[in-house]
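Chemist: give me coordinates for this.
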Amino acid sequence: MRFSVLASGSSGNAIYIENDQHSFLVDVGLSGRKMEELFASIGKKMSSLDGILVTHEHSDHIKGIGIVARKYNVPIYANEKTWAAMDGLVGNIPADQRFHFSMDTVKTFGSMDIESFAVSHDAADPMFYVFHENGRKLALITDTGYVSDRMKGVIQAADSFVFESNHDVGMLQMGRYPWSVKRRILSDVGHVSNEDAAVAMSEVMAEKPTRIYLSHLSKDNNMKDLARMSVEQTLQTKGIIVGEYVDLIDTDANVPTPLVTV
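Modeler: Numbers count the residues shown, from 1 in each chain. Sure, this is the predicted structure:
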C-alpha cells in the first residue's frame, strides 16, 4: 500500500492511496486542472482511479469532485447526509457513479480494507478513513475539533498517520480573524491545534517505526516550522523522541509528498 498527500491546507485537500490492484482519492478540494498537475508530479494518471472517498462537504474537500468524476467516470463514495449536503455543490453526478459509504463500516477492495469513522466537525456527517492491508495501517484524521477516545481506538497503532495540526493557539488568538471564526476553530467542531494534536498522537502511537504527516495547517494561523517544533516538544514531554522511531513530515498546499509505502 502506497500513498501521497497531494495537497493539504485550507485552500484544498486531496490524498492518493493505492496498492497493486486499486487506487483511490480521499477528497478533491482543488480544481480538475490542478489535480491533473499533482497526479503528473507523482507519476500517476487519474484515469486509473477506482474511486473517490469523500470526508465531508466543505469546499476545500469537494471543489473538484464533480469535474474529476465526470471526466474520468470515477465512482464517488460518501455517506447519506454528505451526499445530501453536496447536492448543488458538485454538479450532476450520474446515478451509476454515486455510492454510499456509511459511517463506522468497512468496505473491501481486493486485499485492501477501508474503514470509516466519525470525527467532530461542523459539517453534515463528517467522517475519515483508515486503510488496512496485510497487517499495515494508514490512518487519516483531519477536520476535527478534538480527538475522542473512540477515534483514538480506530486509528490506534497505525504505521502512518495523516494527522491534523491546524493552528497555533497564540497566532489564532492574536490574528485578524473575527471572534466568531476564532471561536468556531477553537470549538469541539472546529480544528485541532498543534499541541492538542501532539497529545492525541502520543496516545495512539505504538513503539514501531511511524510516520506522522502534519496536515491541514492554517495559512494564517500556523507555519510548518512552528507546527513541527510544537508537536516535537509536546511529544518529548510524553517521553517520545522524534527521530528514534517517529518521523514528522510536512505537507503542503501545492506540492505533493513523495509516494511512499506504508
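
Chemist: OK, contacts around residue 113?
Modeler: Taking CB atoms under 8 Å, 6 or more residues apart in numbering, we find residue 113 in contact with 106-107, 131-133. Bear in mind the C-beta positions are built from the backbone N, C-alpha and C, glycine included.

Chemist: looking at those residues, which is nearest residue 46?
Modeler: residue 131 (19.0 Å; CB to CB).

Chemist: which residues does the closest one bridge with?
Modeler: residue 114, residue 138 (DSSP bridges).

Chemist: equivalent analysis for residue 242, please.
Modeler: residue 246.

Chemist: so what's it scoring on pLDDT?
Modeler: You'll see residue 242 listed with a pLDDT of 96.

Chemist: how many residues are close by it?
Modeler: 15 (other CB atoms under 10 Å).

Chemist: from residue 139, how far out is it?
Modeler: 18 Å (CB to CB, to the nearest Å).

Chemist: what residue of the protein is the furthest out?
Modeler: residue 174 (26.9 Å; CA atoms, centre = their mean).

Chemist: that older thread, out of the contacts of residue 113, which is most surrounded?
Modeler: residue 131 (25 neighbours).

Chemist: that residue and residue 230, how far apart?
Modeler: For residue 131, the distance to residue 230 - CB to CB - is 27 Å.

Chemist: same check on residue 219?
Modeler: Residue 219 is 17 Å from residue 230, by CB to CB.

Chemist: these two - which one has more neighbours?
Modeler: residue 230 (21 against 10).

Chemist: list the contacts of that one.
Modeler: Per CB under 8 Å, 6+ apart, neighbours of residue 230: 165, 168, 194-195, 198.

Chemist: for this protein, what's the longest helix?
Modeler: Using DSSP state H to define each element, the chain has its longest helix at helix 224-237.

Chemist: which parts of it are buried?
Modeler: By neighbour count on 16 or more other CB atoms under 10 Å, the buried set for helix 224-237 is 226-228, 230-232, 234-235.

Chemist: now do stretch 128-141: distance from first to last residue.
Modeler: 6 Å (CA to CA, to the nearest Å).

Chemist: how about the helices in this structure?
Modeler: So, for the chain - with DSSP H - the helices run 32-41, 59-62, 65-72, 80-86, 149-155, 169-174, 179-186, 194-204, 224-237.

Chemist: any idea which of the buried residues of helix 224-237 is the one closest to residue 249?
Modeler: residue 228 (9.0 Å).

Chemist: against residue 206, how distant is the residue lying closest to that closest one once chain neighbours are set aside?
Modeler: The shortest distance from residue 228 to any non-neighbouring residue, by CB to CB, 6 or more residues apart in numbering, is to residue 248 (5.4 Å). According to CB to CB, residue 248 stands 16 Å off from residue 206.

Chemist: then residue 179?
Modeler: Following CB to CB, the distance that separates residue 179 from residue 206 is 40 Å.

Chemist: again with residue 143
Modeler: From residue 143 to residue 206 the distance is 24 Å (CB to CB).

Chemist: neighbour count winner among those two?
Modeler: Each of residue 143 and residue 206 has its neighbours counted (other CB under 10 Å); residue 143 has more, 28 against 12.

Chemist: stretch 4-15: which residues count as buried?
Modeler: For stretch 4-15, burial by neighbour count (16+ other CB under 10 Å) applies to 4-10, 12-15.

Chemist: of all those, which comes closest to residue 213?
Modeler: When those are ranked by distance to residue 213 (CB to CB), residue 5 comes first, at 5.5 Å.
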